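Student: Sequence and predicted structure, then a few things I'm wondering about:
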Amino acid sequence: MTDYMHAFDLYTPASLADAAKLLDEHGKDAWIVAGGKDSFDWFKDRHKQPRAVVDIGGLKELRGIRDGGDHVAIGAATTLTEIEENKLLRDGFPLLVQAAAKVASPQIRNSGTIGGNVSQDTRCTYYRDGFPCYRAGGNSCYANTPTAMNREHALFEAVRCVAVTPSDTAPALVALEAEMAISRGGKVRTVPAEKFFIGPDVDITRMTVLEAGDILTEIRLPKKWAGASSYFEKIADRETWDFALVNIAMAARAEGGMVKDVRIACGGVQCTPRRMTEVEDLMKGEKAGPELEKLAQRVAARGAKALNFNHFKIPLMGNLAARAVRSLA
Amino acid sequence: MSENRQDDAPVLEAFEFPPDPADDFEWVPATPEVAGNLAEPPVADWRTTGTSRRAFLRGVVCSGVAVSASAYMFTVQSGEARAAVRGVERLVSLNVNGKTRRVDVPPSETLAQTIRYRLGLTGTKIGCNRAECGACTVLADDVPIYSCSTLTHQARGAKIVTVEGVAAADGTLHPVQQAFIDELGPQCGFCTPGQVMAAVGLLKKNPKPTVDEARRAMSGNLCRCGAYPHYLAGVMRAAGRA
């Protein structure tokens, strides 16, 4: 039954207000798609069967990248290819450009959107295969058992669920202190990227603060980090398509070899992008060099609790942190 | 010991089948009162029709269009259709290979299914059906996308080009197609339509790509035979001519 999706009503609203009205009307039966690259897999597997699908990919208000004075605003339905090729972002925020360029495959980047990339669901194979796990509303975790295949799962802050964030752009947005603009019934609120992603301790069935009726409309990058040094690296089993085992995004400002300010976030090790605060504290006011590298490597994965098959992520995190430091030397 | 065992072994009695009730049945042709005025059933001889696979598919596609169109006409008054009054219309105009085609498509149908099974353009292949192999790549407004993971209704406004639409009207192959032949690109050929579309999309955007750019642009297409170097050489050869 994976060939055809279930029958649903498709709505293509002409404006954000119409979309809000539709979401209000259908409540929990509604499902937002833009590129649909994550959603259609759910539908084909029949694990999610929303009755009303609202396609906001065509909304002009949600597309494009513009300079908003003290920030650069990216519409949520902007495709990853558009981000990769945008001059404003290439010049100011190469970190996000590099992250967007590492997502999935060219064809997916051509239709997949940044809003979808940050709001996509986790890739835990048990959850995706329709197991009645905690995240799916059940009362067990199938990934955290002695024999489970959990090489892709979490090292940190696992509360019942050990799933990790799959996104490549999310760590970059956290490192760049992005603000997410969320529209609900015509009112817009902004949430810092760090608060946008939530762990299982907050709500085990969601990955983000988005609830039924919320639309992520815009991602704003403050110019604080425009032109900063950046480092992005993604480690995955395959170069194309695959989700990160661990990825790292660093935005840093250095003067005369001294690190003045730095933010590092790491994906694939926790349910949310993980700030490497210990590495940041070590780096601030220090000169990048072999000693700092070694220290960063040592503290990067401090406090990690490995499952049966994901120990390799601990040295991987350390090595990635060391390489990020080395990029500043 | 083995001899003892043989002695102890139970003797199997001959098995008799239970009587078959059909044995008593005597077949008589149906009287006209029972059978009415039935014509002789047609003899199905599959050899004489001479249907090719393509013609068969075309027939299925055409009859499917007729059946689903009539279904659409007669179900407009049903409750389900009225509930979807504000959703998308089932009838869409699709611009495929320069021609506008009217098709009746449910909202949940993917572009790949519509192209193959409603329009009969079976050059586009469905491999994984999950945006993971690239066999279904088509161009939407000159941008390569996976048609298996795009709803037909999402592609309404776009100019779709499938592998059937890249050759010239007089049958001259597109430089990419010719280069793939020259470089022995296809082995089993299943991924080739997708590879062609990805390469055509690349050359439309970037007529003179470097090898790395070409490799990156083609990275969204799997080739199970592993003919990647051939395809890459084909793209580079076509880049000189496209």
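Tutor: Received it, and whenever you're ready, just let me know what you need. Because the structure is predicted, anything quoted here is derived from the model rather than measured.
Student: CA only for contacts and neighbour counts going forward, please
Tutor: Will do.
Student: What's the local residue count around B:R237?
Tutor: By other Cα atoms under 10 Å in any protein chain shown, the residues close to B:R237 number 18.
Student: what's the answer for A:G27, then?
Tutor: For A:G27, the count of nearby residues is 14 (other Cα under 10 Å).
Student: contacting residues for it?
Tutor: By Cα atoms under 8 Å, 6 or more residues apart in numbering or on different chains, the contact list for A:G27 reads A:A212, A:G213.
Student: pLDDT score assigned to it?
Tutor: Predicted confidence (pLDDT) for A:G27: 93.
Student: How about B:A30?
Tutor: Taking B:A30 on its own, its pLDDT is 64.
Student: and whichever helix in chain A runs longest, what other elements does it pack with?
Tutor: Criterion DSSP state H: the longest helix present in chain A is helix A:313-326. Applying 3 or more Cα pairs under 8 Å, 6 or more residues apart in numbering or on different chains; DSSP states H and E, we find helix A:313-326 packed against strand A:229-235, strand A:246-255, helix A:290-299.
Student: List the buried residues in that helix.
Tutor: A:K313, A:I314, A:L316, A:M317, A:G318, A:N319, A:L320, A:A321, A:A322, A:R323, A:A324, A:V325 (16 or more other Cα atoms under 10 Å in any protein chain shown).
Student: Chain B contacts on the stretch 1-150 of chain A?
Tutor: By Cα under 8 Å from any Cα of the partner chain, the part of the stretch 1-150 of chain A that sits against chain B consists of A:3-12, A:35-37, A:40-41, A:105-108, A:110-111.
Student: of these, buried ones?
Tutor: Using 16+ other Cα under 10 Å, the buried ones in the residues of the stretch 1-150 of chain A next to chain B are A:3-6, A:8-12, A:35-37, A:40-41, A:105-108, A:110-111.
Student: hmm, back to that, may I ask which two of the buried residues of helix A:313-326 are separated the most?
Tutor: By the measure Cα to Cα, A:K313 and A:V325 form the most distant pair in the buried residues of helix A:313-326, at 18.2 Å.
Student: still on that earlier bit, the helices and strands packed on helix A:313-326: which one's closest to chain B?
Tutor: The closest of the helices and strands packed on helix A:313-326 to chain B is strand A:229-235. By Cα to the nearest Cα, the value is 15.9 Å.
Student: sorry, back to before: from the residues of the stretch 1-150 of chain A next to chain B, which land in strands?
Tutor: Secondary structure from DSSP state E places A:D9, A:L10, A:Y11 of these in strands.
Student: and A:P146, how many neighbours?
Tutor: Neighbour number of A:P146 under other Cα under 10 Å is 11.
Student: Find the nearest non-adjacent residue to it, please.
Tutor: A:N308 (6.5 Å; Cα to Cα, 6 or more residues apart in numbering or on different chains).
Student: next one: B:A179
Tutor: B:G234 is the one closest to B:A179 (Cα to Cα, 6+ apart), at 4.8 Å.
Student: any idea of the angle the strand or helix carrying A:C266 forms with strand A:246-255?
Tutor: Per DSSP states H and E: A:C266 is located in strand A:258-267. Inter-element angle recorded for strand A:258-267 and strand A:246-255: 160 degrees (by axes from the mean of the first three to the mean of the last three Cα atoms, to 10 degrees).
Student: Okay, now the unreliable bits of chain A?
Tutor: Chain A contains residues with pLDDT under 70 at A:1-2.
Student: Now do the domain split for it, please.
Tutor: A:9-58, A:63-120+A:164-326 (automatic domain parsing).
Student: Centre of the chain to the first one, how far?
Tutor: Here domain A:9-58 is found 20 Å from its chain centre; the criterion is Cα atoms, centre = their mean, to the nearest Å.
Student: hang on, the earlier thing: what's the separation between the residue nearest to A:P146 and A:C124?
Tutor: 15 Å (Cα to Cα, to the nearest Å).
Student: So for these two, which sits in the more crowded spot?
Tutor: A side-by-side neighbour count of A:N308 and A:C124, using other Cα under 10 Å, places A:C124 first with 21 against 16.
Student: Now do that one against chain B, distance only.
Tutor: To chain B, A:C124 is 17 Å away according to Cα to the nearest Cα, to the nearest Å.
Student: OK, contacts around that residue?
Tutor: Contacts of A:C124 by Cα under 8 Å, 6+ apart are A:A143, A:E152, A:H153, A:A163, A:V164.
Student: And for A:L62, the neighbour number?
Tutor: 20.
Student: Show me what the residue nearest to A:K223 when sequence neighbours are not counted is bridged to.
Tutor: Distance criterion Cα to Cα, 6+ apart; nearest residue to A:K223, sequence neighbours excluded, is A:H71 at 5.1 Å. Beta-bridge partners recorded for A:H71 (DSSP bridges): A:P222.
Student: Same check on A:A249?
Tutor: A:F232, A:A265.
Student: Make sure it is actually in contact with A:V262.
Tutor: No. Contact criterion Cα atoms under 8 Å: A:A249 and A:V262 do not qualify, at 10.6 Å.
Student: Between those two, point out the one with more neighbours.
Tutor: Between A:A249 and A:V262, A:A249 has the larger neighbour count (other Cα under 10 Å), namely 32 against 23.
Student: Identify the residues contacting that one.
Tutor: A:L95, A:P171, A:A172, A:A175, A:S230, A:Y231, A:F232, A:E233, A:I264, A:A265, A:C266.
Student: What of A:R189?
Tutor: Contacts of A:R189 (Cα under 8 Å, 6+ apart): A:A181, A:I182, A:S183.
Student: re earlier: redo the ones in strands among the residues of the stretch 1-150 of chain A next to chain B as a markdown table? Include distance to B:K159.
Tutor: Output for those, formatted as a markdown table (distance: Cα to Cα, whole Å):
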| residue | distance to B:K159 |
| --- | --- |
| A:D9 | 24 |
| A:L10 | 21 |
| A:Y11 | 21 |
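Student: Could you point out which of these is nearest to B:T192?
Tutor: A:L10 (32.3 Å).
Student: count of residues packed around the nearest residue to A:A148 once chain neighbours are set aside?
Tutor: Sequence neighbours aside, A:Y142 is the residue nearest to A:A148 in space, at 6.7 Å (criterion: Cα to Cα, 6+ apart). The tally of other residues near A:Y142 (other Cα under 10 Å) stands at 21.
Student: for A:R123, same thing?
Tutor: 18.
Student: where does it land in three-state SS?
Tutor: coil (DSSP: H, G, I helix; E, B strand; the rest coil).
Student: What of the one 10 residues further on?
Tutor: At A:C133 the chain is in coil, as set by three-state DSSP.
Student: Spit out the contact partners of it.
Tutor: Contacts of A:C133 by Cα under 8 Å, 6+ apart are A:Y126, A:Y127, A:N139, A:S140, A:C141, A:Y142.
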